[in-house]
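J.: Fold the following.
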Amino acid sequence: MELELSESWNSLSAQTHSRSLLILQHMGGLSIKVVPLDMARDSFDDQYRGCGPAMMAVLPALHNFEFQVNPLFTQTWVKAEAEWRKRGSPVAPLASPAQAVALMAYTTKDIYKDFNAAVRVAGHSRQEYRNNFHFKTLHFLLTKALVTLRQAQKAKCHHVFRGVHDVRFQARRGQKVRFGQFTSTSLSKEVAQKYGTDTIFEVQTCHGVDIQAFSFYLSNREVLIPPYETFEVTKVTRNGKRAWITLRSSGTYSKHNWGVGHVPLPLALGSLVCSKAYCWGGLTCLTSPPVKVHGGLHQWMVKKC
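T.: Predicted structure coming up:
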């Protein structure tokens, strides 16, 4: 489970589109990154409102494509699917096996750093999302899984904690902020502090969802917060080297609603792909029946439109 932002920020700082200011402070010979909280404007925060069915139509081909171009995604998905099957392939109350495997994949230690670094900059431009963000499948499945679980849990709010190592976040009371990525927290303060104490977040989240039943690590009492949830900073305290930031949910905000209209689906040999409703370039389209299954997703053949 990913309960700290530090590794994501270490990776993010090398991204050319990052708008965040990273300041190194030397404390007792150690370097601490000082990062101001903000609304994470470059985050890809699509909630897929109104385009869920269209995304589902192209998801099998997109999943297959990302398996080819993103080895980390492939390896983590296979690992997560094996663990999911070992546990008896639970799905309910999720909408599909793919959503269950996506949650389990995210909560491994393998992919969250690269995934969240990519999420934080994929919304910088349509080109960045289209050409460089090769986690479209995972982002969509996680987003829809959280919505489904939240409905099943009757939109319950949670009081959670998040521990961060080697990063000192700055915020001011009354400020409106987002994490801008999928953010793991714990219902247990003790569990959260095992992941770091340089910054402790105490959060009331109303869009974060209890995902413990689908977490790779069963003991973390994990609640996952989506990139689009907004928070009001209600309190900031310093205790020696430690920063304690208290956040209260204030709703949601999504800058993007791009969905399927900005998903290029080139497969092998440079083909473009389409579903029954969507055909890019009039070249090729999806056809049935599917021939392979990856965690509930089918690999489709292609034919001329």
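J.: Could you list the low-pLDDT ranges of the stretch 51-200 of the chain?
T.: By pLDDT under 70, the stretch 51-200 of the chain contains no weakly predicted segment.
J.: in it, which spans are strands?
T.: 158-164, 167-170, 176-177, 183-186, 199-205 (DSSP state E, counting those that start in this stretch).
J.: Pull up the pairing partners for the last one, direction included.
T.: With DSSP bridges as the criterion, the sheet partners recorded for strand 199-205 are strand 158-164 (antiparallel), strand 242-252 (parallel).
J.: next structured bit after it?
T.: Using DSSP states H and E, the next helix or strand after strand 199-205 towards the C-terminus is strand 209-210.
J.: Show the subsequent helix or strand relative to that following strand.
T.: Next along from strand 209-210, by DSSP H and E: strand 222-225.
J.: per-residue confidence averaged over that next one?
T.: For strand 222-225, mean pLDDT rounds to 98.
J.: what helices or strands is it leaning on?
T.: strand 183-186, strand 199-205, strand 209-210 (3 or more CB pairs under 8 Å, 6 or more residues apart in numbering; DSSP states H and E). (Each C-beta comes from the backbone N, C-alpha and C, glycine too.)
J.: List of residues touching it?
T.: 1, 103, 106-107, 142, 146, 158, 160, 179, 182-187, 203, 205, 207-212, 215 (CB atoms under 8 Å, 6 or more residues apart in numbering).
J.: looking at the helices and strands packed on strand 222-225, which is buried most?
T.: Highest mean neighbour count among these (mean count of other CB atoms under 10 Å): strand 183-186, with a mean of 26.
J.: Can you show me the CA trace of that strand as CSV?
T.: Taking C-alpha atoms only, strand 183-186 is exported to CSV below (Å, rounded to 0.1, in the frame of the first residue of the first chain):
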residue,chain,number,x,y,z
THR,A,183,-3.8,8.7,-2.4
SER,A,184,-3.7,5.8,0.1
THR,A,185,-4.6,6.5,3.7
SER,A,186,-5.3,4.4,6.7
